[in-house]
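1. coords below, sequence missing:
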């Protein structure tokens, strides 16, 4: 047998197997280490801190869970959120994340390793990323082999698309959800392959965990039925499918209904109807199979037709009827926005206002996935070549995932695992082909052995084509089982030697091999460099602490915590703080004060009220503030240091959301200049300049420049010479870089005057000393 | 396990009470001069008693503080003039009928008739001043008001007496002149520069009784400019953890800091503050930073608050020195709160450090005991600690523990702390103090034995746990749970 390079021949099979498993374990340990370590940039550059917005709520809830116990947490009513409505926290969250941290925390406490709950929350996502790598390995192993599995694990470990949601401190539901997603899919594939009720049940249990952990569980709820349906339509119904799906659906649905936030949704909302429908369909098909084995072919065809039509009509009528009667909730707006990307902007601005709900820009695919995005289609094509049941799953997942990733930036997360899997399959196939030392010229002794799988893969589609109209006979299921078991039991040594290969084709010499392999290694190395760069630069900022580089090196801008801590320490505990909803969770977590609205955007009217107060003039806003017992108003202002994520840049969303509820009082066009520009300088429209948000942002801003030109560094506009004045609020605190500005709402005047008059009167006494400003005011 | 207290305040009370009665006529004060060094939260008072014995063999001299004065006094030390060794002082609780606190000072040697000695009494008063006006604008100055009593009380007759009140800043804004003062020959109060002098008053009878206080005692009020902020530590919780495995002494402090200066009038204006900082004319009641002196050798300092790490701090470490050597260098830790602390504002934070255990611990081979000195508290310049809780956690399995405190605590308790990989827990001692000042910076000495088996407890328990895990894995791999054996 000709070989491109010599192989050692004196190795016993046991040595090979042991070495392989040792190498696998070491590789796996390294992958886990890399996955965890690459997520620690945020901790090393900054500190062990909870990031962004939602994680602050999760952290706060976890602290309640850890300190007061599970039942207290379950029944937790939070009167400080959505003041004065309050929030039933236990019934409106996915408790999986908090419960996971709570269990870890209590376990560590029990074995006398006291770790601060904050550190557990911070490190949860990196820890689970190692588990995700492991479950991706298991999943890919089912698709191809161990080497592809290891590659997939390495990819998912460091790919930025996943790191973006799982850096240390990013304590969000996605931190554990991707592991659960992959593991549930793995168990599903396992259950499907073996027809095992045990694995089906395990899949259901992990599905339950997923439901308890993330709202994105609906992805599994629809992926598995879609896979089952596709198999059914391809004529691949088997008893294994029946067992796997039925056990998963029955147990999984019942379990998922135990989560209070989900409740009866699995039987009452449209998103879950697909799973129910496929469950029903499988029962019918299974029944038909049973009938078919007992009656003749002619009768059977008639029966089948009647049954199919009848079931279809009855099912559709039932679902439509129940929807009309209100038993099944129609699709929600969030769902429509998945199909029509302009929908949210028109009807539910609050969803569209979130940056991660925007459609994905093309460059971000490369940024998040690097060269995997090129290998991804190749991997999917390779799946077509074999097209076993599990490969269909990957193909469907790839299609669905690609679509959703294109619709919403945040759904890039669900695409990432399948990209890693497909790319790993493709790359591993390439490497298998080119590392394999055997050359094609001479007869290959193992040709029979290796050609086995390739024959079966060509067989399977033929069969399905033939039986497309009718469900295949049970015997075909058995034959597929044989083939599958043949595949699974194939000794690992053959996989090392290469994938399916035609007898007459192959690669000669080492130079071609080296060219391709070195190329592949080069790509992998660039991938690592890219991942490290993206992770450290784009995804490791806590956004609570900002960093700026200047001549002295790294400078931390800690204004958020400064202002929140000031609120916490120097205001009464019952002081109600109004801010735009983005900061609600942070205020609750860091300042520990009641807020009007927060990131759990369940009450659109309440948010619109805040939007209205922010976008109206002081006189209009004041009664709103007083009616809601607002003591402090908090705005984010980046004009001094050029922090672009400030409230003036979000202001149009406040206007739009307020306009949705009060179209007569707030009109978006009024906030633009006549020429249609969004400006804050001299040309700003009167509505803009009188709005509370504008006044609070720029109050006394021009004084900072000591008579020079006051420039807003975010919008690069020169501010007017005279700044806005405030009558109904007074500045209470401004952080060091002016990012956070807090205003106190004045109480009503004790003499019964309106505050504007009272203010004018107070300043009138100083008329002699401050004549110029007064004259200007009267002129205006 | 024995706990020994030095200078327990009530120990000798019963023995001393009878002798006090007869002591009243054994001395005469030829002169009493009290100097009050005004400050922010702390006021240092030095009273010099020129004593003449009227009876021979008189050795126990009694000094008296008025009711309010006694409550404010958190530190008291008596010395002979020119000597540095403090004399033995026994404190007594408030005498409710006379309204006085009495302290018995044991003179080093008994005096013969007409023998004289000069006794210097150093006291520190806390919370004796308050801002007046009670609120001030962001650009205003800070004025404090000190109130005290005119006469120094004494159970003995006093020939002449005088009080000097000295302000740290050159300007005393105002002071009162008590009306109808007895025993006065000249003007009651004289202001010269930064000092107000009350007195001299001559031939004062025994004054440590309710009758005298009601008839003759007058208030003294001095209002003065104070150029420094008035920080006040509302509570300090210090945990000192001694670790033999890590050769480390960790000191962890939870501090509730309050600016006890005049409360901010109106609202905080950042632009005014930035103008002040730019011109380097920070208003005196604003506390921008605090400076702490940590022992040499301190490392791994941390400074956090409830929202995480505070990045605005500076640490200048000093290398550790051998135990016996006197170090004149400190590690300096400069902490800046997240926001400048205006009058009346609070700031809660946590700071701590590690230091090599060898710097503060010794081993006595004769008794087989370790001795560790733990600093009682780290003083924030011119501040007072209202409530302090100091907890010392000893290594697991420490026995024969003895604790010696430099100042008697209000109360103390023993508990067990279970932390990293402990099985039986670590013995811990907690001491409660109130009104700690710059004078209270001593060491709490702890001596204890740690047997070798206790040292090895941790590795043993970890090894047992891991072996158990391995054994379980070994067994679990060999058990077949399948129903259908292939």
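-> Noted; the coordinates are in hand. Since the model is a prediction, treat every value here as computed from it, not as a measurement. Numbers count the residues shown, from 1 in each chain, chains lettered A, B, ... in the order given.
2. only C-alpha atoms for contact and neighbour calcs from this point on.
-> Noted.
3. and residue B:193, how many neighbours?
-> Residue B:193: 12 surrounding residues under other Cα atoms under 10 Å in any protein chain shown.
4. an error on my part: the question was meant for residue A:318.
-> Residue A:318 - counted by other Cα under 10 Å - has 12 other residues nearby.
5. which of the helices and strands in the chain ranks last by mean pLDDT?
-> Because you didn't say which chain, this covers chain A. helix A:474-489 (a mean of 39; mean pLDDT, DSSP states H and E).
6. what is the burial count for residue A:361?
-> Residue A:361 sits with 13 neighbouring residues when counted by other Cα under 10 Å.
7. quick one, domains of the chain?
-> Answering for chain A, as no chain was given. A:196-331, A:450-500, A:567-747, A:749-780 (automatic domain parsing).
8. try again with chain B
-> B:13-225, B:231-460.
9. and the last one, end to end?
-> Domain B:231-460 stretches 48 Å from its first residue to its last (Cα to Cα, to the nearest Å).
10. ok so, going back, out of the domains of chain A, flag the one nearest chain B.
-> For chain B, the closest of those is domain A:567-747, at 5.0 Å, according to Cα to the nearest Cα.
11. now the end-to-end length of the closest one.
-> End to end - Cα to Cα - domain A:567-747 spans 19 Å.
12. quick one, strands of chain A?
-> All strands of chain A, identified by DSSP state E, fall at A:77-78, A:87-88, A:546-550, A:553-557, A:576-578, A:630-636, A:711-712, A:717-718, A:729-734, A:740-745.
13. reformat those as a markdown table; add mean neighbour count.
-> Shown next, in a markdown table, are the strands of chain A (neighbours: other Cα atoms under 10 Å in any protein chain shown):
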| stretch | mean neighbour count |
| --- | --- |
| strand A:77-78 | 15 |
| strand A:87-88 | 16 |
| strand A:546-550 | 12 |
| strand A:553-557 | 13 |
| strand A:576-578 | 27 |
| strand A:630-636 | 24 |
| strand A:711-712 | 20 |
| strand A:717-718 | 16 |
| strand A:729-734 | 22 |
| strand A:740-745 | 23 |
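14. so which of those gets nearest residue A:315?
-> strand A:87-88 (36.3 Å; Cα to Cα).
15. for the closest one, name the packing helices and strands.
-> strand A:77-78 (3 or more Cα pairs under 8 Å, 6 or more residues apart in numbering or on different chains; DSSP states H and E).
16. point me to the residue of the stretch 151-300 of chain B nearest chain A.
-> Closest point on the stretch 151-300 of chain B to chain A, by Cα to the nearest Cα, is residue B:267, at 5.0 Å.
17. okay if I get the strands of chain A as a markdown table plus mean pLDDT?
-> A markdown table is the format used below for those (pLDDT from 0 to 100):
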| stretch | mean pLDDT |
| --- | --- |
| strand A:77-78 | 90 |
| strand A:87-88 | 90 |
| strand A:546-550 | 79 |
| strand A:553-557 | 79 |
| strand A:576-578 | 93 |
| strand A:630-636 | 93 |
| strand A:711-712 | 88 |
| strand A:717-718 | 88 |
| strand A:729-734 | 91 |
| strand A:740-745 | 93 |
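18. include distance to residue B:166 when you put those into a markdown table, please.
-> Below are the strands of chain A laid out as a markdown table (distance: least, Cα to Cα, whole Å):
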| stretch | distance to residue B:166 |
| --- | --- |
| strand A:77-78 | 55 |
| strand A:87-88 | 59 |
| strand A:546-550 | 48 |
| strand A:553-557 | 44 |
| strand A:576-578 | 47 |
| strand A:630-636 | 44 |
| strand A:711-712 | 51 |
| strand A:717-718 | 55 |
| strand A:729-734 | 37 |
| strand A:740-745 | 42 |
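19. residue contacts, the residue nearest the centre of chain B?
-> By Cα atoms, centre = their mean, chain B has its centre lying nearest to residue B:436, at 2.0 Å. Neighbouring residues of residue B:436 by Cα atoms under 8 Å, 6 or more residues apart in numbering or on different chains: B:74, B:384-388.
20. these in strands, which ones?
-> Short answer: the contacts of residue B:436 in strands (DSSP E) are B:74, B:384-388.
21. adding distance to chain A, neighbour count and pLDDT, write these out as JSON lines.
-> Output for these, formatted as JSON lines (distance: Cα to the nearest Cα, whole Å; neighbours: other Cα atoms under 10 Å in any protein chain shown; pLDDT from 0 to 100):
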{"residue": "B:74", "distance to chain A": "28", "neighbour count": "20", "pLDDT": "88"}
{"residue": "B:384", "distance to chain A": "20", "neighbour count": "26", "pLDDT": "90"}
{"residue": "B:385", "distance to chain A": "19", "neighbour count": "26", "pLDDT": "91"}
{"residue": "B:386", "distance to chain A": "18", "neighbour count": "18", "pLDDT": "92"}
{"residue": "B:387", "distance to chain A": "19", "neighbour count": "17", "pLDDT": "93"}
{"residue": "B:388", "distance to chain A": "20", "neighbour count": "24", "pLDDT": "93"}
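22. wait, what's in contact with whichever residue of the stretch 551-700 of chain A sits closest to chain B?
-> Closest approach between the stretch 551-700 of chain A and chain B, counting by Cα to the nearest Cα: residue A:562, at 5.1 Å. Residue A:562 is in contact with A:735, B:338-339, counting by Cα under 8 Å, 6+ apart.
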